[in-house]
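[1] Any chance you can model this:
(one chain, ligands or ions: 1)
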Amino acid sequence: MKQQAILDILPEHVDGIRDFMIFGHFLEHFHRQVYGGVFDPGSHLADDNGFRRDVIEALRRIKTPVVRWPGGCFVSAYPWKKGIGERVPYYDKAWRVEEPNSFGTDEFVALCREIGAEPFICANAGTGSLEDMSDWVEYCNLDIGEWAGRRRANGHDSPFNVRYWSIGNENYGHWEMGAKTADEWARLALESAKMMKRVDHRIELAIASIPDLDWNAKALREAGHLLDWISIHGYWSSASDEGVFEKGYDNIIARAFQPEERIVAVKHILGSLGYLGKLRIAFDEWNLRGWCHPEFMDFGPADHALMDCNDINSNYNMADAVFTACFLNSCLRHCDVVGMANFSPVVNTVGAIFTHEDGIVLRPTYHVFDLFANYSFEEVLHSALLSPSFDVESREGISTSVRHLDAVVTRDPASGDVGITLVNLHGEESATCRIRGLKGGASNRVTARSVVGASTDAYNDIDQPDAVKIVERQLDVADPGDFEFDCPPHSVTVLNLAGAG
Ligand code: AHR
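    Next up, the predicted model:
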(Lines give C-alpha, C1' and ligand atoms only; values in the text may rest on other atoms or scores of the structure.)
Protein backbone atom coordinates (compact mmCIF):
# COMPACT_ATOMS: atom_id res chain seq x y z
CA MET A 1 0.00 0.00 0.00
CA LYS A 2 1.29 3.46 -0.97
CA GLN A 3 2.17 5.61 2.05
CA GLN A 4 0.21 8.85 2.32
CA ALA A 5 1.19 12.07 4.09
CA ILE A 6 -0.54 15.44 4.33
CA LEU A 7 1.19 18.79 4.49
CA ASP A 8 -1.07 21.66 5.54
CA ILE A 9 0.42 25.11 4.93
CA LEU A 10 -0.66 28.37 6.57
CA PRO A 11 0.87 31.02 4.27
CA GLU A 12 -0.44 33.90 6.40
CA HIS A 13 1.69 32.75 9.32
CA VAL A 14 5.47 33.17 9.11
CA ASP A 15 7.32 31.09 11.70
CA GLY A 16 10.62 32.89 11.19
CA ILE A 17 13.27 34.21 8.84
CA ARG A 18 16.03 31.90 7.68
CA ASP A 19 19.60 33.15 7.95
CA PHE A 20 21.36 32.09 4.75
CA MET A 21 24.47 31.37 6.82
CA ILE A 22 22.98 27.97 7.75
CA PHE A 23 24.36 26.88 4.36
CA GLY A 24 27.95 27.62 5.43
CA HIS A 25 31.04 25.41 5.39
CA PHE A 26 34.15 24.70 7.42
CA LEU A 27 37.79 24.39 6.33
CA GLU A 28 40.54 22.94 8.51
CA HIS A 29 44.22 22.29 7.95
CA PHE A 30 43.67 18.54 7.86
CA HIS A 31 44.74 15.99 5.26
CA ARG A 32 43.72 17.30 1.79
CA GLN A 33 41.28 20.04 2.72
CA VAL A 34 43.57 23.03 2.30
CA TYR A 35 46.63 21.70 0.47
CA GLY A 36 45.48 19.66 -2.52
CA GLY A 37 41.90 20.71 -1.82
CA VAL A 38 41.01 24.37 -2.19
CA PHE A 39 44.65 25.46 -2.45
CA ASP A 40 46.92 23.80 -4.97
CA PRO A 41 49.21 26.31 -6.68
CA GLY A 42 51.00 23.53 -8.62
CA SER A 43 47.80 22.20 -10.20
CA HIS A 44 46.96 22.86 -13.84
CA LEU A 45 43.48 23.73 -12.49
CA ALA A 46 44.70 26.48 -10.15
CA ASP A 47 44.02 30.17 -10.68
CA ASP A 48 46.51 33.00 -10.12
CA ASN A 49 45.97 32.85 -6.35
CA GLY A 50 46.63 29.11 -6.27
CA PHE A 51 42.96 28.18 -5.70
CA ARG A 52 41.36 25.34 -7.61
CA ARG A 53 39.08 26.98 -10.17
CA ASP A 54 36.75 23.98 -10.26
CA VAL A 55 36.32 24.04 -6.47
CA ILE A 56 35.68 27.79 -6.43
CA GLU A 57 33.09 27.44 -9.16
CA ALA A 58 31.33 24.62 -7.30
CA LEU A 59 31.26 26.67 -4.08
CA ARG A 60 29.85 29.66 -5.92
CA ARG A 61 27.14 27.48 -7.42
CA ILE A 62 25.91 26.57 -3.91
CA LYS A 63 26.28 30.22 -2.85
CA THR A 64 28.55 29.33 0.08
CA PRO A 65 27.75 32.19 2.46
CA VAL A 66 30.42 31.73 5.14
CA VAL A 67 33.56 29.65 5.69
CA ARG A 68 34.92 28.88 9.16
CA TRP A 69 38.73 28.43 9.37
CA PRO A 70 41.46 27.32 10.35
CA GLY A 71 40.14 24.62 12.71
CA GLY A 72 38.99 22.53 14.38
CA CYS A 73 41.53 20.91 16.61
CA PHE A 74 44.24 22.42 14.42
CA VAL A 75 43.52 25.94 15.65
CA SER A 76 44.18 25.17 19.31
CA ALA A 77 47.92 25.45 18.72
CA TYR A 78 47.84 27.56 15.54
CA PRO A 79 50.45 30.34 15.62
CA TRP A 80 48.63 32.73 13.29
CA LYS A 81 51.45 35.26 13.41
CA LYS A 82 53.70 32.73 11.70
CA GLY A 83 51.10 32.39 8.94
CA ILE A 84 51.56 35.91 7.53
CA GLY A 85 54.52 37.45 5.70
CA GLU A 86 57.50 35.13 5.38
CA ARG A 87 56.50 31.52 5.99
CA VAL A 88 58.32 28.65 7.56
CA PRO A 89 56.81 25.15 7.69
CA TYR A 90 56.27 23.91 11.24
CA TYR A 91 55.14 20.82 13.11
CA ASP A 92 51.37 20.67 13.61
CA LYS A 93 50.77 19.10 17.01
CA ALA A 94 47.09 18.42 16.30
CA TRP A 95 47.47 16.17 13.27
CA ARG A 96 51.17 15.45 13.75
CA VAL A 97 52.29 16.42 10.29
CA GLU A 98 54.43 19.18 8.84
CA GLU A 99 52.22 22.18 8.16
CA PRO A 100 53.48 23.80 4.92
CA ASN A 101 52.17 27.13 6.22
CA SER A 102 51.79 28.66 2.76
CA PHE A 103 48.06 29.16 3.40
CA GLY A 104 47.43 31.67 6.19
CA THR A 105 45.12 34.59 6.97
CA ASP A 106 45.75 36.53 3.73
CA GLU A 107 45.11 33.46 1.61
CA PHE A 108 41.99 32.54 3.57
CA VAL A 109 40.46 35.97 3.13
CA ALA A 110 41.35 35.91 -0.59
CA LEU A 111 39.66 32.51 -0.89
CA CYS A 112 36.49 33.83 0.75
CA ARG A 113 36.48 36.83 -1.56
CA GLU A 114 36.73 34.56 -4.60
CA ILE A 115 33.85 32.41 -3.39
CA GLY A 116 31.78 35.40 -2.25
CA ALA A 117 31.67 34.04 1.32
CA GLU A 118 32.07 35.77 4.69
CA PRO A 119 35.27 34.73 6.48
CA PHE A 120 34.66 33.31 9.97
CA ILE A 121 37.90 33.04 11.93
CA CYS A 122 38.15 30.69 14.86
CA ALA A 123 40.79 32.08 17.24
CA ASN A 124 43.24 29.92 19.15
CA ALA A 125 41.93 29.77 22.72
CA GLY A 126 43.98 26.65 23.47
CA THR A 127 47.62 27.76 23.52
CA GLY A 128 46.90 31.30 22.28
CA SER A 129 46.94 34.32 24.58
CA LEU A 130 44.42 37.14 24.91
CA GLU A 131 46.88 39.27 23.05
CA ASP A 132 47.26 36.77 20.19
CA MET A 133 43.51 36.64 19.75
CA SER A 134 42.96 40.37 19.80
CA ASP A 135 46.05 41.06 17.65
CA TRP A 136 44.47 38.86 15.02
CA VAL A 137 41.43 41.15 14.98
CA GLU A 138 43.82 44.11 14.69
CA TYR A 139 45.59 42.53 11.73
CA CYS A 140 42.30 41.92 9.93
CA ASN A 141 40.17 44.91 10.84
CA LEU A 142 42.17 47.98 11.89
CA ASP A 143 43.92 50.63 9.89
CA ILE A 144 46.17 51.83 12.70
CA GLY A 145 48.74 50.12 14.87
CA GLU A 146 51.47 47.54 14.42
CA TRP A 147 49.33 44.69 13.11
CA ALA A 148 47.50 46.81 10.56
CA GLY A 149 50.96 47.93 9.42
CA ARG A 150 51.99 44.31 8.98
CA ARG A 151 48.90 43.64 6.89
CA ARG A 152 49.71 46.63 4.70
CA ALA A 153 53.30 45.45 4.38
CA ASN A 154 51.89 42.14 3.18
CA GLY A 155 50.12 43.95 0.35
CA HIS A 156 46.65 44.62 1.80
CA ASP A 157 46.04 48.33 2.30
CA SER A 158 42.38 48.07 3.21
CA PRO A 159 41.26 46.21 6.32
CA PHE A 160 39.74 42.80 5.67
CA ASN A 161 36.80 43.65 7.96
CA VAL A 162 36.27 40.11 9.17
CA ARG A 163 32.96 40.24 10.97
CA TYR A 164 32.62 36.72 12.40
CA TRP A 165 35.03 35.42 15.04
CA SER A 166 34.99 32.54 17.42
CA ILE A 167 36.76 32.13 20.73
CA GLY A 168 38.19 28.64 20.57
CA ASN A 169 37.25 25.20 19.35
CA GLU A 170 35.91 22.39 21.56
CA ASN A 171 37.98 23.65 24.52
CA TYR A 172 35.81 21.56 26.84
CA GLY A 173 37.24 18.34 25.38
CA HIS A 174 40.15 16.34 26.81
CA TRP A 175 41.43 15.87 23.25
CA GLU A 176 41.83 19.58 22.63
CA MET A 177 45.23 21.21 23.14
CA GLY A 178 44.96 23.74 25.94
CA ALA A 179 41.57 22.39 27.09
CA LYS A 180 39.88 24.31 29.91
CA THR A 181 37.63 23.64 32.86
CA ALA A 182 34.26 25.42 32.89
CA ASP A 183 35.62 28.01 35.35
CA GLU A 184 38.78 28.64 33.37
CA TRP A 185 36.72 28.88 30.22
CA ALA A 186 34.31 31.43 31.63
CA ARG A 187 37.18 33.70 32.65
CA LEU A 188 38.99 33.33 29.34
CA ALA A 189 35.78 33.95 27.41
CA LEU A 190 35.23 37.22 29.24
CA GLU A 191 38.77 38.49 28.93
CA SER A 192 39.27 37.53 25.30
CA ALA A 193 35.86 38.88 24.26
CA LYS A 194 36.68 42.13 26.04
CA MET A 195 39.96 42.55 24.20
CA MET A 196 38.69 41.44 20.81
CA LYS A 197 35.72 43.79 20.99
CA ARG A 198 37.91 46.65 22.19
CA VAL A 199 39.82 46.28 18.95
CA ASP A 200 36.66 46.23 16.88
CA HIS A 201 33.28 46.49 18.55
CA ARG A 202 31.49 45.61 15.29
CA ILE A 203 32.64 42.00 15.26
CA GLU A 204 30.26 39.18 16.12
CA LEU A 205 31.68 36.71 18.60
CA ALA A 206 30.96 33.04 19.15
CA ILE A 207 32.34 30.84 21.90
CA ALA A 208 33.04 27.14 21.83
CA SER A 209 30.30 25.35 23.67
CA ILE A 210 28.48 22.08 24.23
CA PRO A 211 24.89 21.29 25.29
CA ASP A 212 25.85 21.31 28.96
CA LEU A 213 24.13 23.56 31.48
CA ASP A 214 27.12 24.00 33.78
CA TRP A 215 29.53 24.90 30.95
CA ASN A 216 27.16 27.51 29.58
CA ALA A 217 25.93 28.85 32.90
CA LYS A 218 29.49 29.77 33.87
CA ALA A 219 30.54 31.12 30.48
CA LEU A 220 27.39 33.16 29.90
CA ARG A 221 27.28 34.55 33.41
CA GLU A 222 30.78 35.97 32.86
CA ALA A 223 30.84 36.82 29.18
CA GLY A 224 27.29 36.53 27.83
CA HIS A 225 26.86 40.29 27.47
CA LEU A 226 29.80 40.41 25.04
CA LEU A 227 28.81 37.40 22.93
CA ASP A 228 26.61 36.97 19.88
CA TRP A 229 26.82 33.27 19.12
CA ILE A 230 27.14 29.98 20.88
CA SER A 231 29.05 27.43 18.86
CA ILE A 232 28.18 23.71 18.92
CA HIS A 233 29.35 20.70 16.92
CA GLY A 234 27.98 17.33 15.89
CA TYR A 235 28.99 14.19 14.00
CA TRP A 236 26.68 11.17 14.23
CA SER A 237 28.56 8.30 12.62
CA SER A 238 32.18 7.37 13.16
CA ALA A 239 34.52 5.17 11.17
CA SER A 240 36.02 2.11 12.82
CA ASP A 241 39.59 2.12 14.09
CA GLU A 242 40.51 0.36 10.85
CA GLY A 243 39.03 3.21 8.81
CA VAL A 244 35.84 1.45 7.72
CA PHE A 245 32.87 3.80 7.39
CA GLU A 246 29.44 2.80 8.63
CA LYS A 247 27.17 1.15 6.06
CA GLY A 248 23.52 0.29 6.51
CA TYR A 249 21.00 2.92 5.53
CA ASP A 250 18.37 2.24 8.19
CA ASN A 251 20.54 2.48 11.27
CA ILE A 252 21.96 5.77 9.99
CA ILE A 253 18.52 7.17 9.23
CA ALA A 254 17.50 6.28 12.80
CA ARG A 255 19.70 9.26 13.78
CA ALA A 256 18.27 11.75 11.25
CA PHE A 257 16.62 13.94 13.88
CA GLN A 258 19.31 13.75 16.56
CA PRO A 259 20.77 17.08 15.37
CA GLU A 260 17.38 18.66 16.01
CA GLU A 261 17.40 17.24 19.55
CA ARG A 262 20.76 18.95 20.08
CA ILE A 263 19.39 22.25 18.79
CA VAL A 264 16.43 21.98 21.14
CA ALA A 265 18.69 21.13 24.09
CA VAL A 266 20.82 24.24 23.47
CA LYS A 267 17.71 26.33 22.93
CA HIS A 268 16.47 25.25 26.35
CA ILE A 269 19.83 26.03 27.93
CA LEU A 270 19.82 29.50 26.36
CA GLY A 271 16.25 29.97 27.57
CA SER A 272 17.00 28.85 31.09
CA LEU A 273 19.93 31.26 31.30
CA GLY A 274 17.96 34.18 29.88
CA TYR A 275 19.83 34.28 26.57
CA LEU A 276 17.18 33.08 24.12
CA GLY A 277 16.71 35.85 21.59
CA LYS A 278 20.09 37.36 22.51
CA LEU A 279 22.54 34.68 21.37
CA ARG A 280 22.11 32.49 18.32
CA ILE A 281 23.44 29.02 17.65
CA ALA A 282 26.29 28.58 15.19
CA PHE A 283 26.32 24.83 14.48
CA ASP A 284 29.77 25.51 13.15
CA GLU A 285 30.95 21.95 12.55
CA TRP A 286 28.51 19.29 11.49
CA ASN A 287 28.30 16.27 9.28
CA LEU A 288 26.72 12.84 9.50
CA ARG A 289 30.23 11.34 9.21
CA GLY A 290 32.99 12.01 11.67
CA TRP A 291 36.46 12.33 10.15
CA CYS A 292 38.63 9.28 10.13
CA HIS A 293 41.68 9.95 12.34
CA PRO A 294 41.71 7.20 14.97
CA GLU A 295 44.49 7.51 17.53
CA PHE A 296 45.12 11.19 16.83
CA MET A 297 43.21 12.29 19.89
CA ASP A 298 45.38 10.07 22.11
CA PHE A 299 49.06 9.54 22.64
CA GLY A 300 49.67 6.38 20.65
CA PRO A 301 51.48 6.41 17.33
CA ALA A 302 49.36 8.27 14.78
CA ASP A 303 48.60 6.27 11.65
CA HIS A 304 48.58 8.83 8.84
CA ALA A 305 47.62 6.28 6.22
CA LEU A 306 44.24 5.89 7.88
CA MET A 307 43.39 9.48 6.97
CA ASP A 308 43.27 8.34 3.33
CA CYS A 309 40.12 6.33 4.15
CA ASN A 310 38.28 9.66 4.15
CA ASP A 311 38.95 9.88 0.41
CA ILE A 312 36.96 6.78 -0.53
CA ASN A 313 33.96 8.22 -2.34
CA SER A 314 31.80 5.11 -1.88
CA ASN A 315 31.63 6.01 1.83
CA TYR A 316 29.22 8.82 0.98
CA ASN A 317 25.85 7.76 -0.35
CA MET A 318 22.15 8.53 -0.22
CA ALA A 319 22.10 8.14 3.56
CA ASP A 320 24.39 11.17 3.66
CA ALA A 321 22.10 13.11 1.35
CA VAL A 322 18.96 12.31 3.34
CA PHE A 323 20.64 13.02 6.69
CA THR A 324 21.99 16.34 5.38
CA ALA A 325 18.55 17.42 4.15
CA CYS A 326 16.99 16.55 7.52
CA PHE A 327 19.71 18.57 9.25
CA LEU A 328 19.01 21.61 7.06
CA ASN A 329 15.25 21.22 7.55
CA SER A 330 15.87 21.17 11.31
CA CYS A 331 17.84 24.43 11.05
CA LEU A 332 14.98 25.96 9.06
CA ARG A 333 12.44 24.82 11.66
CA HIS A 334 14.53 26.46 14.39
CA CYS A 335 15.51 29.53 12.38
CA ASP A 336 14.63 31.69 15.38
CA VAL A 337 17.77 30.42 17.10
CA VAL A 338 20.02 28.71 14.52
CA GLY A 339 21.69 31.47 12.52
CA MET A 340 24.71 29.67 11.14
CA ALA A 341 25.83 26.14 10.35
CA ASN A 342 29.09 24.98 8.78
CA PHE A 343 29.21 21.68 6.96
CA SER A 344 32.42 19.98 7.93
CA PRO A 345 34.48 20.22 5.84
CA VAL A 346 34.13 22.15 2.62
CA VAL A 347 36.24 19.87 0.44
CA ASN A 348 37.79 16.37 0.72
CA THR A 349 37.80 14.37 3.99
CA VAL A 350 34.05 13.76 4.50
CA GLY A 351 33.06 16.95 2.64
CA ALA A 352 30.68 17.59 -0.22
CA ILE A 353 33.39 17.97 -2.88
CA PHE A 354 36.25 15.58 -3.66
CA THR A 355 39.26 16.76 -5.62
CA HIS A 356 41.54 14.71 -7.84
CA GLU A 357 44.32 15.73 -10.21
CA ASP A 358 42.03 16.38 -13.13
CA GLY A 359 38.81 17.55 -11.59
CA ILE A 360 36.28 17.15 -8.84
CA VAL A 361 33.53 14.74 -7.80
CA LEU A 362 30.37 16.20 -6.35
CA ARG A 363 29.25 13.90 -3.56
CA PRO A 364 25.52 13.40 -2.82
CA THR A 365 25.61 16.01 -0.04
CA TYR A 366 26.73 18.65 -2.55
CA HIS A 367 23.49 18.27 -4.47
CA VAL A 368 21.47 18.75 -1.29
CA PHE A 369 23.22 22.08 -0.70
CA ASP A 370 22.55 22.96 -4.33
CA LEU A 371 18.81 22.38 -3.84
CA PHE A 372 18.49 24.17 -0.52
CA ALA A 373 20.70 27.14 -1.36
CA ASN A 374 19.22 27.77 -4.78
CA TYR A 375 15.56 26.83 -4.44
CA SER A 376 14.42 27.48 -0.87
CA PHE A 377 13.51 30.94 0.38
CA GLU A 378 13.84 33.31 3.28
CA GLU A 379 10.54 33.08 5.12
CA VAL A 380 9.71 29.84 6.89
CA LEU A 381 5.95 29.40 6.72
CA HIS A 382 3.91 27.65 9.34
CA SER A 383 2.90 24.17 8.27
CA ALA A 384 1.72 20.92 9.80
CA LEU A 385 2.88 17.59 8.47
CA LEU A 386 0.96 14.43 9.09
CA SER A 387 3.29 11.63 8.09
CA PRO A 388 3.25 7.89 8.61
CA SER A 389 6.32 6.50 10.31
CA PHE A 390 8.33 3.30 10.07
CA ASP A 391 10.49 1.36 12.48
CA VAL A 392 14.21 0.97 12.01
CA GLU A 393 16.76 -0.69 14.15
CA SER A 394 19.39 1.64 15.54
CA ARG A 395 23.11 0.83 15.88
CA GLU A 396 22.48 -0.22 19.44
CA GLY A 397 19.82 -2.70 18.28
CA ILE A 398 16.96 -0.58 19.60
CA SER A 399 13.86 -0.18 17.45
CA THR A 400 13.26 3.49 16.61
CA SER A 401 10.31 5.07 14.88
CA VAL A 402 11.22 7.49 12.08
CA ARG A 403 8.78 9.65 10.15
CA HIS A 404 8.47 8.71 6.50
CA LEU A 405 8.54 12.27 5.21
CA ASP A 406 10.01 15.49 6.49
CA ALA A 407 9.02 18.87 5.08
CA VAL A 408 9.59 22.60 5.52
CA VAL A 409 7.83 25.33 3.56
CA THR A 410 9.65 28.54 2.62
CA ARG A 411 8.60 31.66 0.73
CA ASP A 412 10.25 34.59 -0.97
CA PRO A 413 8.52 37.64 0.56
CA ALA A 414 9.04 39.71 -2.59
CA SER A 415 7.64 37.36 -5.22
CA GLY A 416 5.50 35.01 -3.15
CA ASP A 417 7.41 32.09 -4.71
CA VAL A 418 7.31 28.99 -2.55
CA GLY A 419 9.95 26.31 -1.99
CA ILE A 420 8.97 23.11 -0.19
CA THR A 421 11.90 21.00 1.00
CA LEU A 422 10.65 17.42 1.15
CA VAL A 423 12.62 14.41 2.31
CA ASN A 424 11.55 10.80 1.97
CA LEU A 425 13.55 8.97 4.63
CA HIS A 426 12.38 5.50 3.73
CA GLY A 427 14.97 3.43 1.92
CA GLU A 428 12.61 1.44 -0.30
CA GLU A 429 9.11 2.92 -0.28
CA SER A 430 7.86 6.00 -2.07
CA ALA A 431 5.21 8.16 -0.40
CA THR A 432 2.55 10.49 -1.67
CA CYS A 433 2.34 13.89 -0.04
CA ARG A 434 -0.91 15.83 -0.36
CA ILE A 435 -0.06 19.52 -0.13
CA ARG A 436 -2.81 21.91 0.88
CA GLY A 437 -3.15 25.59 1.66
CA LEU A 438 -1.15 27.44 -1.02
CA LYS A 439 -2.97 29.86 -3.25
CA GLY A 440 -3.27 29.51 -7.01
CA GLY A 441 -0.48 31.69 -8.45
CA ALA A 442 0.38 32.90 -11.88
CA SER A 443 0.59 29.33 -13.08
CA ASN A 444 -0.35 25.83 -12.07
CA ARG A 445 3.14 24.63 -12.78
CA VAL A 446 5.18 22.93 -10.08
CA THR A 447 8.91 22.45 -10.61
CA ALA A 448 10.25 19.44 -8.74
CA ARG A 449 13.99 19.00 -8.34
CA SER A 450 15.04 15.82 -6.58
CA VAL A 451 18.39 14.42 -5.49
CA VAL A 452 18.06 10.78 -6.46
CA GLY A 453 20.23 7.68 -6.65
CA ALA A 454 19.23 4.20 -7.85
CA SER A 455 19.67 2.68 -4.39
CA THR A 456 20.43 3.80 -0.86
CA ASP A 457 24.08 2.84 -1.53
CA ALA A 458 24.39 5.00 -4.66
CA TYR A 459 27.45 7.27 -4.66
CA ASN A 460 29.44 9.40 -7.07
CA ASP A 461 33.02 8.81 -8.09
CA ILE A 462 35.48 9.72 -10.83
CA ASP A 463 34.15 6.99 -13.15
CA GLN A 464 30.47 7.53 -12.19
CA PRO A 465 30.09 11.23 -11.45
CA ASP A 466 26.32 11.29 -11.90
CA ALA A 467 25.10 8.17 -10.13
CA VAL A 468 23.52 10.59 -7.67
CA LYS A 469 22.22 13.74 -9.29
CA ILE A 470 19.45 16.31 -9.37
CA VAL A 471 16.55 15.33 -11.61
CA GLU A 472 14.18 18.10 -12.63
CA ARG A 473 10.52 17.61 -13.56
CA GLN A 474 7.72 20.00 -14.43
CA LEU A 475 4.28 19.04 -13.21
CA ASP A 476 1.01 20.67 -14.11
CA VAL A 477 -1.41 20.49 -11.21
CA ALA A 478 -5.11 21.28 -11.42
CA ASP A 479 -5.09 23.23 -8.16
CA PRO A 480 -1.87 24.51 -6.52
CA GLY A 481 -3.97 24.88 -3.35
CA ASP A 482 -4.45 21.12 -3.12
CA PHE A 483 -2.24 18.74 -5.06
CA GLU A 484 -0.26 15.55 -4.58
CA PHE A 485 3.39 14.80 -5.09
CA ASP A 486 5.02 11.38 -5.16
CA CYS A 487 8.30 11.33 -3.23
CA PRO A 488 10.67 8.60 -4.47
CA PRO A 489 12.31 6.46 -1.76
CA HIS A 490 15.51 7.86 -0.12
CA SER A 491 15.16 11.17 -1.92
CA VAL A 492 15.43 14.88 -1.27
CA THR A 493 13.16 17.20 -3.26
CA VAL A 494 12.48 20.89 -3.47
CA LEU A 495 9.13 21.82 -5.01
CA ASN A 496 8.85 25.33 -6.39
CA LEU A 497 5.60 27.11 -7.13
CA ALA A 498 5.71 30.64 -8.52
CA GLY A 499 3.66 33.20 -6.61
CA ALA A 500 1.75 30.55 -4.66
CA GLY A 501 2.43 31.98 -1.21
O1 AHR B 1 37.30 15.25 13.43
C2 AHR B 1 37.50 16.61 13.14
C3 AHR B 1 37.71 17.33 14.31
O4 AHR B 1 36.51 17.09 15.00
C5 AHR B 1 37.86 18.80 14.32
O6 AHR B 1 39.12 19.25 14.19
C7 AHR B 1 37.34 19.10 15.68
O8 AHR B 1 36.91 20.41 15.81
C9 AHR B 1 36.29 18.07 15.92
O10 AHR B 1 36.40 17.43 17.13
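[2] make it CA atoms for all contacts and neighbour counts henceforth
    Noted.
[3] in the stretch 1-150 of the chain, which spans are strands?
    3-17, 24-26, 66-69, 90-92, 97-99, 118-123 (DSSP state E, counting those that start in this stretch).
[4] And the helices in the stretch 51-200 of the chain?
    For the stretch 51-200 of the chain, the helices defined by DSSP state H, counting those that start in this stretch cover 53-61, 105-115, 130-141, 146-153, 182-199.
[5] Which neighbouring elements make contact with the second one?
    Counting contacts by 3 or more C-alpha pairs under 8 Å, 6 or more residues apart in numbering; DSSP states H and E, helix 105-115 is packed against helix 53-61, strand 66-69, strand 118-123.
[6] Format the ones you listed as JSON lines; extra columns: mean neighbour count and distance to Ala208.
    Output for those, formatted as JSON lines (neighbours: other C-alpha atoms under 10 Å; distance: least, C-alpha to C-alpha, whole Å):
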{"stretch": "helix 53-61", "mean neighbour count": "18", "distance to Ala208": "26"}
{"stretch": "strand 66-69", "mean neighbour count": "28", "distance to Ala208": "13"}
{"stretch": "strand 118-123", "mean neighbour count": "25", "distance to Ala208": "9"}
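[7] now the ones you listed in CSV, with distance to the ligand?
    As requested, the helices and strands packed on helix 105-115 are exported to CSV (distance: least, C-alpha to the nearest ligand atom, whole Å):
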stretch, distance to the ligand
helix 53-61, 21
strand 66-69, 10
strand 118-123, 10
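[8] With mean pLDDT added, can I get these in a markdown table?
    Rendered in a markdown table, the data for the helices and strands packed on helix 105-115 read as follows (pLDDT from 0 to 100):
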| stretch | mean pLDDT |
| --- | --- |
| helix 53-61 | 98 |
| strand 66-69 | 99 |
| strand 118-123 | 98 |
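[9] and for stretch 462-472, what are the contacting residues?
    Counting by C-alpha atoms under 8 Å, 6 or more residues apart in numbering, the neighbours of stretch 462-472 from elsewhere in the structure are 318, 360-364, 367, 447-454, 458-460.
[10] Which ones among those residues map onto helices?
    Among those, the residues falling in helices (DSSP state H) are Met318, Pro364, His367.
[11] Skipping its backbone neighbours, what lies nearest the second one in space?
    I take that to be Pro364. Once flanking residues are discounted, Pro364 sits nearest to Ala321: 5.4 Å by C-alpha to C-alpha, 6 or more residues apart in numbering.
[12] can you list the residues of the chain near the ligand?
    Proximity of the chain to the ligand is confined to Gly71, Gly72, Cys73, Asn169, Gly290, Trp291 under the rule C-alpha under 6 Å from any ligand atom.
[13] Might one say that the second one is in contact with Glu28?
    The one in question is Gly72. Yes - using C-alpha atoms under 8 Å as the test, Gly72 is close enough to Glu28 to be in contact (6.1 Å).
[14] more crowded one of those two?
    Gly72 (24 against 20; other C-alpha atoms under 10 Å).
[15] would you turn the strands of the stretch 1-150 of the chain into JSON lines with distance to Lys197?
    As requested, those are exported to JSON lines (distance: least, C-alpha to C-alpha, whole Å):
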{"stretch": "strand 3-17", "distance to Lys197": "27"}
{"stretch": "strand 24-26", "distance to Lys197": "23"}
{"stretch": "strand 66-69", "distance to Lys197": "19"}
{"stretch": "strand 90-92", "distance to Lys197": "29"}
{"stretch": "strand 97-99", "distance to Lys197": "30"}
{"stretch": "strand 118-123", "distance to Lys197": "13"}
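[16] Tabulate the helices of the stretch 51-200 of the chain (a markdown table), appending distance to Val38.
    Shown next, in a markdown table, are these (distance: least, C-alpha to C-alpha, whole Å):
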| stretch | distance to Val38 |
| --- | --- |
| helix 53-61 | 6 |
| helix 105-115 | 8 |
| helix 130-141 | 21 |
| helix 146-153 | 23 |
| helix 182-199 | 29 |
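[17] Looking at the ones you listed, which one is packed in the most?
    Ranked by mean neighbour count, those are led by helix 130-141 with a mean of 22 (mean count of other C-alpha atoms under 10 Å).
[18] wait, what's in contact with the residue of the chain found nearest the ligand?
    Minimum separation of the chain from the ligand (C-alpha to the nearest ligand atom) falls at Gly72, amounting to 3.3 Å. Applying C-alpha under 8 Å, 6+ apart to Gly72 gives the contacts Glu28, Asn169, Glu170.
[19] Closest one of the residues you listed to Glu191?
    Taking C-alpha to C-alpha as the measure, Glu191 sits nearest to Asn169 out of the contacts of Gly72, at 16.5 Å.
[20] can you tell me how far the closest one sits from Glu357?
    32 Å (C-alpha to C-alpha, to the nearest Å).
[21] Please report the distance of Thr181 from Gly128.
    Counting by C-alpha to C-alpha, the gap from Thr181 to Gly128 is 16 Å.
[22] The two: who's more crowded?
    Neighbour comparison, Thr181 and Gly128: the larger count goes to Gly128, with 18 against 12 (by other C-alpha under 10 Å).
[23] before we move on, back to that, just the buried ones from the ones in helices among the contacts of stretch 462-472?
    Neighbour counting over the ones in helices among the contacts of stretch 462-472 (16 or more other C-alpha atoms under 10 Å) leaves Met318, Pro364, His367 as the buried ones.
[24] Do I have it right that Arg255 meets Trp236?
    Yes - with contacts defined as C-alpha under 8 Å, Arg255 counts as touching Trp236 at a distance of 7.3 Å.
[25] Between these two, point out the one with more neighbours.
    With other C-alpha under 10 Å as the criterion, Arg255 and Trp236 differ in neighbour count, and Arg255 comes out ahead with 19 against 15.
[26] secondary structure class for that one?
    Three-state secondary structure (criterion: DSSP: H, G, I helix; E, B strand; the rest coil) places Arg255 in coil.
[27] So it versus Leu288, what's the distance?
    9 Å.
[28] Take the helices and strands packed on helix 105-115 and write them to TSV, including distance to Asp92.
    Output for the helices and strands packed on helix 105-115, formatted as TSV (distance: least, C-alpha to C-alpha, whole Å):
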stretch	distance to Asp92
helix 53-61	25
strand 66-69	15
strand 118-123	16
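[29] mind checking the end-to-end distance for stretch 346-360?
    Its first and final residues considered, stretch 346-360 spans 13 Å by C-alpha to C-alpha.
[30] Below-threshold pLDDT in the stretch 301-450 of the chain: ranges please.
    Judged against pLDDT under 70, the low-scoring parts of the stretch 301-450 of the chain cover residues 441-442.
[31] now the helices for it?
    In the stretch 301-450 of the chain, the helices defined using DSSP H, counting those that start in this stretch lie at 318-333, 364-375.
[32] Put together JSON lines for those, with distance to Glu107 on each row.
    Compiled in JSON lines, the helices of the stretch 301-450 of the chain are given as follows (distance: least, C-alpha to C-alpha, whole Å):
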{"stretch": "helix 318-333", "distance to Glu107": "29"}
{"stretch": "helix 364-375", "distance to Glu107": "24"}
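[33] Out of these, which is the most enclosed?
    Greatest burial across the helices of the stretch 301-450 of the chain, using mean count of other C-alpha under 10 Å, falls to helix 318-333, with a mean of 26.
[34] and the angle for that helix with helix 364-375?
    Using axes from the mean of the first three to the mean of the last three C-alpha atoms, to 10 degrees, the direction of helix 318-333 lies 30 degrees away from that of helix 364-375.
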